[in-house]
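need a structure here:
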Amino acid sequence: MIERTEIATNGGPAAAELVLPEGDHKVPGIIVIHEWWGINDDIRRLCGLFAAQGIAALAVDLYGGRSTTDAAEAYKLSDEMKTPRSLEIMSAALNTLAAHPRSTGKVAITGFCLGGAMALVAACNLPALAASVPFYGLGKDEYLNGYKTSVPVLGHYAKNDGFISLDRARKIAAGVNESGGTFELCEYDAGHAFMREADPSAYHAPSAALAWDRTIAFLKKHLG
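Numbering: from 1, shown residues only. The predicted structure follows:
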């Protein structure tokens with residue numbers, strides 16, 4: 001069941017949608033950041049899958065309540081989104097989820113496309129995170145803290161991605177590891193957005209299944 005809620009931030013409230021595992025026991029949490037479309041049914045589907053694995057999933061809206069199915073509008077929304085404000089929202093989401101009555105206090109973050117970029121930015125700026133799992137997204141260098149982070153990262157990137165540079169993903173992963181952090185880079189024989197099940201032109205079932213299994217194993221290791 002999806003619970004629509006708001007996260008308090010210094011810049012005003014941000015919308016979010018929470019999916020909790022069944023029961024009343026304490027569970028870890030994960031912040032889920034949407035693609036450039038905004039929060040949609042595919043993001044809600046993924047939140048449900050995390051909840052089924054015993055992880056409270058909080059989908060955070062970086063678009064102020066807007067979403068679209070039109071690529072031109074999605075480009076406009078992503079262009080209007082500002083990383084400092086997104087960091088403020090993600091930081092507040094981390095605190096909110098960690099303080100939830102059902103929470104163990106351990107919180108990870110994941111994201112897809114634009115959300116993957118923000119999940120990586122969060123890893124480099126929010127050290128209280130337990131883990132970060134970006135999917136085919138890379139943030140701007142100015143927000144990546146010189147590729148230094150104490151947050152363990154598992155990154156999923158496609159070999160046939162026309163939007164994201166795999167070479168840059170490799171460079172960032174190497175930089176994190178050389179700086180004493182941990183960035184495990186996974187590469188897939190797929191294209192961009194291979195996890196997007198509702199889009200047959202992008203979805204690649206074998207890669208999606210492998211990436212999901214790796215993600216759950218990684219989260220269970222770092223969230224307990």
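
what is the lowest-mean-pLDDT helix or strand in the chain packed up against?
Ranked by mean pLDDT, DSSP states H and E, the weakest helix or strand in the chain is strand 2-7, scoring a mean of 93. Applying 3 or more Cβ pairs under 8 Å, 6 or more residues apart in numbering; DSSP states H and E, one finds that strand 2-7 contacts strand 14-19, helix 83-98. Every residue, glycine included, has its C-beta placed from N, CA and C.

list the pairing partners of it within its sheet, with orientation.
Note on strand 2-7: by DSSP bridges, its sheet partners are strand 14-19 (antiparallel).

which parts of the chain are strands?
Remark: strands assigned in the chain by DSSP state E are 2-7, 14-19, 27-33, 56-60, 103-112, 131-135, 153-160, 183-191.

nearest to Ile89, of those strands?
strand 14-19 (4.5 Å; Cβ to Cβ).

now do the closest one against helix 83-98, angle only.
Angle of strand 14-19 versus helix 83-98, following axes from the mean of the first three to the mean of the last three Cα atoms, to 10 degrees, is 40 degrees.

now strand 14-19: average pLDDT?
Mean per-residue pLDDT for strand 14-19: 97.

select the longest helix from this protein.
If you go by DSSP state H, the chain has its longest helix at helix 205-223.

for that one, buried residues please.
Buried positions in helix 205-223, judged by neighbour count with 16 or more other Cβ atoms under 10 Å: 207-208, 210-212, 215-216, 218-219, 222-223.
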